[in-house]
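> Requesting a structural model of the entry that follows:
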Amino acid sequence: MSAVAREYIIDPEDQARSELYDFLGVVLARPADAQLLGQIAELKGDETDLGKALSLLARIAAVTSPETAEREFNALFIGLGRGELLPFASYYLTGFLNEKPLAKLRQDMAERGIGRAEDKHEPEDNIASLMEMMAGQILGRFGKVTSIAGQKTFFNAHIEPWAIHFFTDLEASDTSVFYGAVGSLGRQFMEIEAQGFDMLPS
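As a prediction, this is how the structure comes out:
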């Protein structure tokens, strides 16, 4: 997504949330190369379920070659005709691409000052772009920091209805080891975010 650079003081917890959203956006946007795999291999998790998922992903990244990551990515998301998974909100919610969920997302993007990046050709409701949008709203990349209430509205409208399902499918994939671990991390994080937003006043 195109962004306007701004400087804000961000709460450490929100900084950590934005970094995880950004990480998921990067790792799901394209096959992990040697540099990214090396960076992931150095990550350290704690004893929480999310931390354990991060540690597992780091261990798998350490023994995953760029060729293997690319092969997994292509099988999952590209394939011959189509991949094993279609990581788009419209598909998960309606069974078709470019449907009403995408139109609603584009309307919300316009209202929030989020522009489509010129080098992006996929529909905006793909999981990588949505992760990037959440990170950007937390950090104020689109002109201003989005309030926690505004984040909840966006999350509940465009991510919560399908992202846990998608990450669960990714985690359960029989054809992927590295991206299966990405799915486990994503599922854990989406569950934590959903629970956290549920605790906020309506």
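
> what stretches of the protein score poorly on pLDDT?
1-9, 80 (pLDDT under 70).

> Helices of that one, start to end?
Assigned by DSSP state H, the helices in the chain fall at 12-29, 34-41, 49-62, 66-77, 89-94, 100-112, 127-139, 148-158, 163-171, 178-198.

> Of all these, which one comes closest to Lys120?
helix 127-139 (6.9 Å; C-beta to C-beta). For every residue, glycine as well, the C-beta is placed using N, CA and C.

> Please state the offset of that closest one from the chain centre?
7 Å (C-alpha atoms, centre = their mean, to the nearest Å).

> gap between the residue nearest the centre of the chain and Lys144?
The centroid of the chain falls nearest to Met131 when counting by C-alpha atoms, centre = their mean (3.5 Å). Using C-beta to C-beta, to the nearest Å, Met131 is found at 20 Å from Lys144.

> for Gly183, same thing?
Gly183 is 32 Å from Lys144, by C-beta to C-beta.

> These two - which one has more neighbours?
For Gly183 versus Lys144, neighbours defined as other C-beta atoms under 10 Å are more numerous around Gly183 (24 against 14).

> Return the distance of Phe197 relative to Met133.
From Phe197 to Met133 the distance is 15 Å (C-beta to C-beta).
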